[in-house]
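In: Pasting a predicted model and its sequence here:
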Amino acid sequence: MQFIKEHSKLLVPRVFANEVDENNPVSAAFMLIELLPGIVAMDAFSSRKAHRGVIPREHRQNFYRSVAKSHVQLTSLRLPKIGTIVKNYKGEYECGPLPGIGGPFDTATAFFEAWADSVKFKWDKETITRMMQRGPIPAERMIAIIDNFPSQIKAMASKLSLFNEGPFPLDHDDFLHSNIMVDENSFDVTGVIDWEGACTVPWELIAFPDFLAAMPVSFDLPQNYGQNGQPLDEEVRETWRERGEYIEMVKSAELQDSLLSACLSSKRSQAISYLYGAYTNVGKLGTYDRVIEELERMQEMEE
């Protein structure tokens with residue numbers, strides 16, 4: 001948060017004091033931070049109760065446009081390596097190791113290889129078997145898909161990123177409307193909170209805000225799409241439309257370069273980011289193997 005405050009105009013709380021060690025007068029790690037104006041977007045206009053936390057339609061365009069500006073500012077913060085943000089003994093900001101993975105990493109390839117070696121799926125085989133009792137794929141097949149995915153990523157690691165070397169962008173890790181503060185009248189962003197998981201990442205892990213998340217077609221069931229390739233579900237079609245509009249908003253906000261809009265526009269990049277989040281954070285069961293096959297086809301076409 002201090003790094004962001006010092007290096008950008010992104011709206012984050014000012015940190016007045018902090019201790020990460022319990023060996024201090026209050027015997028606990030703490031932060032004393034600024035209270036931001038506004039309300040989290042998920043709760044504005046009683047959205048959590050009245051709209052299930054979904055942004056009301058009449059406010060989405062302005063909200064998305066304001067979020068796009070913040071997204072551009074966020075990804076414009078870049079460091080030479082992939083890792084957490086730490087302050088060294090000189091008071092300078094640099095990259096530190098990622099919990100459970102290691103690092104920092106000089107290349108996207110090294111990051112993906114280390115992730116593949118260390119990642120553990122959220123569910124064990126017994127739980128997956130119970131979850132797949134009525135699923136469209138036999139439990140044994142799903143377990144094999146889950147088990148094979150990290151090694152498939154490791155085998156592709158050197159080809160996954162089009163931007164293998166830094167600088168790498170800062171990622172929030174939980175960029176959604178429960179962590180975005182807004183003015184309740186205009187829905188303009190007044191701040192972004194909850195930076196615990198923030199770190200620099202490969203460009204291929206930069207995704208849409210979570211309220212615009214959509215799974216790759218190859219990860220979904222084929223019967224959910226028509227002959228024209230469009231989703232049959234109206235909410236999913238609406239999300240696709242809004243994602244396209246959000247990309248245009250990002251383009252309008254970009255000044256330094258167009259890397260963010262390029263990543264959001266790339267089916268390949270978004271497929272990688274979706275698989276990473278689904279496997280690492282959610283423990284989502286699905287056809288990871290089909291998406292891997294699609295990524296391999298894309299790679300062959302590029303070559």
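Out: That came through fine. Numbers count the residues shown, from 1 in each chain.

In: Run through the stretch 201-303 of the chain and note the low-pLDDT ranges.
Out: Along the stretch 201-303 of the chain, the parts satisfying pLDDT under 70 run over 302-303.

In: what ranges do the helices span in it?
Out: 234-253, 259-265, 267-277, 288-302 (DSSP state H, counting those that start in this stretch).

In: nearest to Thr129, of these?
Out: For those, the distance to Thr129 is smallest for helix 288-302, at 17.3 Å, taking C-beta to C-beta. Placement of C-beta: from N, CA and C, glycine included.

In: who touches the closest one?
Out: For helix 288-302, the surrounding residues in contact (C-beta atoms under 8 Å, 6 or more residues apart in numbering) are 145-146, 148-149, 152-153, 156, 159-160, 216, 218-219, 267-268, 271-272, 274-275, 278-279.

In: Let's see that with 10 Å instead.
Out: By C-beta atoms under 10 Å, 6 or more residues apart in numbering, the surrounding residues in contact with helix 288-302 are 141-142, 144-146, 148-150, 152-153, 155-156, 159-160, 162, 215-220, 222, 266-268, 271-272, 274-275, 278-279, 287.

In: just stretch 8-26 next, same as before
Out: With contacts defined as C-beta under 10 Å, 6+ apart, stretch 8-26 is touched by 1-5, 28-38, 66, 69-74, 76-77, 170, 172, 180-181, 188-193, 195, 198.

In: Alpha carbons of it, as CSV, please.
Out: As requested, the backbone C-alpha atoms of stretch 8-26 are provided in CSV (Å, rounded to 0.1, in the frame of the first residue of the first chain):
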residue,chain,number,x,y,z
SER,A,8,0.8,6.1,-8.5
LYS,A,9,-2.4,8.0,-8.2
LEU,A,10,-4.4,4.8,-7.5
LEU,A,11,-6.7,5.4,-4.6
VAL,A,12,-5.6,3.3,-1.6
PRO,A,13,-5.7,4.1,2.1
ARG,A,14,-2.7,5.9,3.5
VAL,A,15,-0.7,3.9,6.1
PHE,A,16,0.1,6.0,9.1
ALA,A,17,1.9,3.2,11.1
ASN,A,18,2.4,-0.5,10.9
GLU,A,19,4.2,-3.4,12.6
VAL,A,20,4.4,-6.9,11.0
ASP,A,21,6.2,-8.3,14.1
GLU,A,22,4.3,-9.1,17.3
ASN,A,23,7.3,-7.9,19.4
ASN,A,24,6.0,-4.4,19.9
PRO,A,25,4.2,-2.5,22.7
VAL,A,26,0.7,-3.9,21.7
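
In: Just the buried positions in it, please.
Out: Along stretch 8-26, these residues count as buried under the neighbour rule (16 or more other C-beta atoms under 10 Å): 10-13.

In: Is it possible to get JSON lines of the helices of the stretch 201-303 of the chain that adds mean neighbour count and distance to Gly96?
Out: Conversion of those to JSON lines gives the following (neighbours: other C-beta atoms under 10 Å; distance: least, C-beta to C-beta, whole Å):
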{"stretch": "helix 234-253", "mean neighbour count": "15", "distance to Gly96": "29"}
{"stretch": "helix 259-265", "mean neighbour count": "21", "distance to Gly96": "24"}
{"stretch": "helix 267-277", "mean neighbour count": "21", "distance to Gly96": "20"}
{"stretch": "helix 288-302", "mean neighbour count": "15", "distance to Gly96": "30"}
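
In: Counting neighbours, which of the contacts of helix 288-302 end up buried?
Out: 142, 145-146, 149-150, 152-153, 156, 160, 215-220, 266, 268, 271-272, 274-275, 278-279, 287.

In: Got a PyMOL select line for the buried ones in the contacts of stretch 8-26?
Out: Isolation of the buried members of these (16+ other C-beta under 10 Å) is achieved in PyMOL through the command below:
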select buried, resi 1+3+4+36+38+66+69+70+71+72+73+74+76+77+170+172+180+181+188+189+190+191+192+193+195+198
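
In: Which of the contacts of stretch 8-26 fall within helices?
Out: When helices are assigned by DSSP state H, the members of these inside them are 2-5, 66, 69-74.

In: with those in mind, which one is nearest to Pro104?
Out: Compare each of the ones in helices among the contacts of stretch 8-26 with Pro104 using C-beta to C-beta and the shortest gap goes to Phe3, at 14.5 Å.
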